[in-house]
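Enquirer: Sharing a sequence plus its predicted fold:
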Amino acid sequence: MAALLETLVIPRASALPSVAFTPVAVSSSVGLSNFGGLKIRPSLSTAKLSSSKKLGRGSSRIICEAQEAAIDVAAVTDSTWESLVLKSDSPVLVEFWAPWCGPCRMIHPVIDKLAKQYAGKLKCYKVNTDESPSIATQYGIRSIPTVIIFKNGEKKDAVIGAVPESTLTTSIEKFL
């Protein structure tokens, strides 16, 4: 017995025009088992898809919420590292991450929450280790996610892995 499989191409969320997102209610009609990180985006036009096939079921696109999670915390590059991190007057939390890293995507919402919670007391940034490998090498980053806290331009503490919020809070509180 042969089965026919169709390929569905879903464009990256960053390549699409900005439209409000609505959370997905877990439903058997979607055909996915309990995924909390997915959202359905109404289709703008089937002509904009790289495939000419219609998406079906209301012509919606399913996107991963984790792609949107890293937006709140500003990125640091080789060119901005010294001015934003090393010369900062306040303590700085830096998350070393990469887009392909699952645990990194899990910790993004925690870092976003901490950035809001400690606004004015702590600056939070992220470094994409694929785009700025020299910074990662300089600080001996061998595993991601790694969160490093800097104070007065010096590395004070490092936390490796996707840890609970309480672990990061304890580390932050030591240097405020």
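Expert: Yes, it's here.
Enquirer: the helices in the protein, which residues?
Expert: Under the criterion DSSP state H, the chain carries helices at the ranges 66-69, 81, 102-117, 133-138, 165-173.
Enquirer: Can you add mean pLDDT, mean neighbour count and distance to Lys126 and give the ones you listed back as a markdown table?
Expert: Quick note: C-beta positions are derived from backbone N, CA and C, even for glycine. What follows is the helices of the chain, written out as a markdown table (pLDDT from 0 to 100; neighbours: other CB atoms under 10 Å; distance: least, CB to CB, whole Å):
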| stretch | mean pLDDT | mean neighbour count | distance to Lys126 |
| --- | --- | --- | --- |
| helix 66-69 | 46 | 16 | 11 |
| helix 81 | 95 | 18 | 12 |
| helix 102-117 | 94 | 18 | 7 |
| helix 133-138 | 94 | 14 | 11 |
| helix 165-173 | 94 | 15 | 14 |
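Enquirer: Let me know which of those helices is the nearest to Lys151.
Expert: Lys151 lies closest to helix 165-173 among those, at 10.6 Å (CB to CB).
Enquirer: returning to that earlier point: let me have the helices of the chain in JSON lines, adding distance to Pro91 as columns.
Expert: Shown next, in JSON lines, are the helices of the chain (distance: least, CB to CB, whole Å):
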{"stretch": "helix 66-69", "distance to Pro91": "23"}
{"stretch": "helix 81", "distance to Pro91": "16"}
{"stretch": "helix 102-117", "distance to Pro91": "12"}
{"stretch": "helix 133-138", "distance to Pro91": "18"}
{"stretch": "helix 165-173", "distance to Pro91": "8"}
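Enquirer: mind listing the strands for the protein?
Expert: Counting by DSSP state E, residue ranges of the strands within the chain are 22-23, 38-42, 60-64, 74-75, 92-97, 123-128, 146-151, 154-160.
Enquirer: Least confident of those, on average?
Expert: Among those, strand 22-23 carries the lowest mean pLDDT, at a mean of 49.
Enquirer: Distance-wise, check Thr167 relative to Trp81.
Expert: In this structure, Thr167 and Trp81 are 25 Å apart, going by CB to CB, to the nearest Å.
Enquirer: now do Leu176
Expert: 22 Å.
Enquirer: same check, this time on Ala136
Expert: 11 Å.
Enquirer: which residues are common contacts for the two?
Expert: With contacts defined as CB atoms under 8 Å, 6 or more residues apart in numbering, the residues adjacent to both Ala136 and Trp81 are Val127.
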